[in-house]
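Student: sequence below, structure please.
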Amino acid sequence: MTPRILVADPLAEDGIKRLKQVGLVDVKLKLSEDELVQDIGEYDALVVRSETKVTARVIEAAKRLKVIGRAGVGIDNIDVATATKKGIMVVNAPSGNIIAAAEHTIALMLALARRIPQADLSVRRGEWTRSKFQGSEIRDKTLGIIGLGNIGVEVAKRAKGLDMKVIAYDPIIPQDRAEQYGVKLVDLNELLSLSDFVTLHVPLTDSTRNLIGRAELNLMKPSAVLINCARGGVLDEQALYEALKDGKIAGAALDVFASEPPINSPLLELDNVVLTPHIGGSTKEAQISVAYEVADEIAAVLSGGFARHVINAPSIPPEDLPIYGPYIELTKKLAKLFTQLRRQRVKQIQLTYKGAISERDTAPITAAALEEIISSFSEEKVNHINARYVAAKHGITIAERRIPSTGNDTVIIEVKEDGHAMTIEGSVTENGIRLTAIDSFRFDLVPSGRFLISRHLDRPGIIGKVGTLLGANNINIASMQVGRDVPRGRAMMILSVDEEVPPEILNELSQIEGIGNMSFVEL
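Tutor: As a prediction, the model looks like this:
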C-alpha cells in the first residue's frame, strides 16, 4: 500500500516534491484539533511546523501513523511521550535553520543596541529627534550564550567576528569544544552577572522551563539586555516585564513567547522591548532547507531506512550503517532464536558487548533485540521506539554490559525467565555473522535457515534415532553440530534441515528416550 502523508503546516515546495517520491501527499493547513483527530487515522506520516499541536488526543486517533516530522528544531508542540508509547517515531530538522536563527539573534542584538525599531517608528511619525536614540556599540562587550549547541555556536562565531567577548553556560558541552570557538564556559550565575548581552539557545524541557526567572534577572547588570530566540517557556515573561519596567535590566528582544501570539502580554506596553513573531528560522533559504531535511527523514522512515534526526529512538548516521548493519542483523537473529526456544515469562534481558563494538553507542543494537523479544509476547505494537516502554510496562528490566577485548566482536543476550535463564552468543567475523553458543554449549554456524535444536543426554544411539526418524519422513539433514558439557553428560544438537518439521514429527522426536527437549526454529 502506498504511504499517505499529511502536511499540516506550510512547507516549501522542495519538501513536498521529496515527499511525493515516497507517498501520496495531502496538504491541509490550519486544521483544528478536532479536524486533525478526524483525519489522522488515514495517514502513515504527519509533517508539521510550530503551528499545529500534535496532542495526545491526535496521536491516540492515529491508527496507521509511523512517523511525525517537525520541519524545524523544537518539538514542544508534539506530545513525544505519547508518540513513543505508541511506537511512532518523531523526527525533526535541526540543521536547516541554524544559520537563520543565529543571524536573527545578531539582528535583534543590534536592533536593541542601536534602538532601530524605535527610531524607525519615530521617523514615520514625522519626528527627527536624533539625540533620543543614542545607542551603544557592541564591540568589546560581553555576550553570554546560554546553550552552546548548534545555534549557540553559530551565534558565538558571528559575535567573535564583531569583536565581542563571548562566554557561555552549558552543563553538557565540554570545555575543549567551547575553546574551539574562543568561548569560555562559566556557571549560569557568573554569566548573568558578567554579560552585557544574554542570549538563550536551549530547548524547552522540564529542566529548562522558566530557566530565567526573577532571581536570574536580578543578577544581570542594569545596562544589560536579554534576547530569546529559543522557546518562550524558558523565560518567565512576567518576571521579565517587571525587571524591564523597574529598570533592573535595560532591554529585551523576543522572537518566541510562552503563548503565541502574545495577546494581552504586558510586554507589548514597553518601549524597551523588540518583538518579532517567531521568525528566527524564517528565511527563504532556511525554509527550503528544513522542508527538504524533514522530508528526507520522513522518506527514510517510510522506505524502511534509518532516519538521522530521531527524537525518541536510537538512530544511526547513514555513514555508520555499514558498521552497525552486521551487529543488528546478528542481534535480531539471536533474539529471534530465543523467542522460538523460550518457555517462560521474561523477567530480565541483558545484552553484553565484547570487543570494538563495546566502544560504540550500542543503543540501536539493543533496541533491535528488545523489539524482537518483546513483540513475541506483547499484544501491543512493539518496535525499536517503544520497546523499552513496553518492557517496563511488563515489569522487564533491561541491562547492558560492555567488555573491551581482542578477537571477534561478540554479542551475548541473556534472558532470565521464571525459574530459568538462557544465554545466546554470537560473533561478527570477517566471514560474516556466527552463532557461537547457546548456554554452555559451543557452536560455530551461520544463523540462517531451518534448524532442529535438541537438548538430550550424551548417550550412544540417540543421534542415530533422530536421523532415522527424519529420513523416514523425507526430511533432509544439511549439517549437524553437537555441543556437550562433559562426555556422557548433557548435550545440545543443532541440525540444519532443508524442510519444515511438522508438529506431529517434532512430537515423535521428543518421545525418543534421552531427548529432553526438541524445538524447530526458523531464522
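
Student: if I read this right, Ala299 contacts Arg18, doesn't it?
Tutor: Yes - taking contacts as C-beta atoms under 8 Å, Ala299 lies within contact range of Arg18: 6.2 Å. In short, each C-beta sits where N, CA and C put it, glycine included.

Student: so where is this structure shaky, pLDDT-wise?
Tutor: 343-344 (pLDDT under 70).

Student: could you break it into its assigned domains?
Tutor: 4-95+286-312, 98-275, 319-522 (automatic domain parsing).

Student: export the ones you listed to a markdown table and tack on mean neighbour count?
Tutor: Shown next, in a markdown table, are those (neighbours: other C-beta atoms under 10 Å):
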| stretch | mean neighbour count |
| --- | --- |
| domain 4-95+286-312 | 20 |
| domain 98-275 | 18 |
| domain 319-522 | 17 |
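
Student: distance between the ends of stretch 432-452?
Tutor: Across stretch 432-452, the terminal residues are separated by 22 Å (C-alpha to C-alpha, to the nearest Å).

Student: how far does it sit from its chain's centre?
Tutor: 32 Å (C-alpha atoms, centre = their mean, to the nearest Å).

Student: how about the nearest residue to Arg434 once chain neighbours are set aside: which residues does it bridge to?
Tutor: Sequence neighbours aside, Ser427 is the residue nearest to Arg434 in space, at 5.1 Å (criterion: C-beta to C-beta, 6 or more residues apart in numbering). Using DSSP bridges, the beta-bridge partners of Ser427 come out as Thr410, Arg434.

Student: mind listing residues that contact the helix or strand harbouring Leu112?
Tutor: Under the criterion of DSSP states H and E, Leu112 resides in helix 98-114. By C-beta atoms under 8 Å, 6 or more residues apart in numbering, the residues outside helix 98-114 that reach it are 73, 116-117, 133, 135-138, 143, 150-151, 154-155, 157-159, 162, 197, 199, 201, 225, 227, 229, 251-253, 255, 274, 276, 279-283, 285-286.

Student: so which of those residues belong to strands?
Tutor: Judged by DSSP state E, strands contain the following of those: Leu143, Phe197, Thr199, Val225, Ile227, Gly251, Ala252, Ala253, Val274.

Student: list just the nearest of these to Met518.
Tutor: The nearest member of the ones in strands among the contacts of helix 98-114 to Met518, counting by C-beta to C-beta, is Thr199 at 68.0 Å.

Student: tell me if I'm right that the closest one and Glu154 touch.
Tutor: No - counting by C-beta under 8 Å, Thr199 sits too far from Glu154 to count as a contact (11.4 Å).

Student: still on that earlier bit, and the residue nearest to Arg434, how far from Ile433?
Tutor: 7 Å (C-beta to C-beta, to the nearest Å).

Student: swap in Gly395?
Tutor: Taking C-beta to C-beta, one finds Gly395 at 31 Å from Ile433.

Student: wasn't Gln481 part of a strand?
Tutor: Yes - counting by DSSP: H, G, I helix; E, B strand; the rest coil, Gln481 is located in a strand.

Student: pop out the phi and psi values for Lys354.
Tutor: phi -120, psi 150 (degrees, to the nearest 10).

Student: quick check: closest non-adjacent residue to it.
Tutor: Thr410 (4.1 Å).

Student: isn't that neighbour up against Thr429?
Tutor: No - between Thr410 and Thr429 there is no contact under C-beta under 8 Å: 10.0 Å.

Student: so who does Leu275 touch?
Tutor: Counting by C-beta under 8 Å, 6+ apart, Leu275 has contacts Ala253, Leu254, Asp255, Pro262, Leu267, Leu268.

Student: narrow the contacts of helix 98-114 to those in helices?
Tutor: Ile116, Pro117, Asn150, Ile151, Glu154, Val155, Lys157, Arg158, Ala159, Glu285, Ala286 (DSSP state H).

Student: next, the contact list for the fourth one, please.
Tutor: Applying C-beta under 8 Å, 6+ apart to Ile151 gives the contacts Val73, Ile98, Ala101, Ala102, Thr105, His201, Cys229.

Student: what is the most widely separated pair among these?
Tutor: Spatial extent of the contacts of Ile151 (C-beta to C-beta) is set by the pair Val73 and Thr105 at 13.6 Å.

Student: rewinding a little: and which of the ones in strands among the contacts of helix 98-114 is nearest to Val501?
Tutor: The closest of the ones in strands among the contacts of helix 98-114, once distances to Val501 are taken by C-beta to C-beta, is Thr199, at 67.7 Å.

Student: which one is that closest one nearest to, not counting chain neighbours?
Tutor: Using C-beta to C-beta, 6+ apart, the closest residue to Thr199 is Ile227 (4.3 Å).

Student: repeat for Ile385
Tutor: Ala313 (4.2 Å).

Student: test my guess that the one you found contacts Thr366.
Tutor: No - counting by C-beta under 8 Å, Ala313 sits too far from Thr366 to count as a contact (11.4 Å).

Student: how close does Thr331 sit to Asp444?
Tutor: For Thr331 relative to Asp444 (C-beta to C-beta), the value is 18 Å.

Student: what of Leu240?
Tutor: 67 Å.

Student: I'd assumed Ala178 was in a helix, is it?
Tutor: Yes - using three-state DSSP, the assignment for Ala178 is a helix.

Student: check contacts around it.
Tutor: Counted by C-beta under 8 Å, 6+ apart, Ala178 has contacts Leu148, Ala168, Asp170, Lys184, Leu185.

Student: list the contacts for the residue nearest to the third one when sequence neighbours are not counted?
Tutor: Ranked by C-beta to C-beta, 6+ apart and with sequence neighbours excluded, the top spatial neighbour of Asp170 is Leu148, at 4.1 Å. Contacts were defined as C-beta under 8 Å, 6+ apart; by that measure Leu148 touches Ala156, Ala168, Tyr169, Asp170, Ile173, Arg177, Ala178, Val183, Leu185, His201.

Student: which of those lies closest to Gly419?
Tutor: Nearest member of the contacts of Leu148 to Gly419, counting by C-beta to C-beta, is Ile173, at 48.2 Å.

Student: and the closest one, its phi and psi?
Tutor: The phi/psi pair for Ile173 (degrees, to the nearest 10) reads phi -70, psi 130.

Student: which residue packs closest to it, ignoring adjacent ones?
Tutor: Counting by C-beta to C-beta, 6+ apart, the residue nearest Ile173 is Leu148, at 4.7 Å.

Student: state the three-state secondary structure for that neighbour.
Tutor: Per three-state DSSP, Leu148 ends up coil.

Student: ok, now how distant is it from Lys184?
Tutor: Where Lys184 is concerned, Leu148 sits at a distance of 11 Å (C-beta to C-beta).

Student: could you do Ile16 as well?
Tutor: Taking C-beta to C-beta, one finds Ile16 at 44 Å from Lys184.

Student: which secondary structure elements does the longest helix anywhere in the chain sit against?
Tutor: Criterion DSSP H: the longest helix present in the chain is helix 321-341. Helix 321-341 sits against helix 363-374, strand 409-417, strand 420-429, strand 432-438, strand 515-522, with contacts defined as 3 or more C-beta pairs under 8 Å, 6 or more residues apart in numbering; DSSP states H and E.
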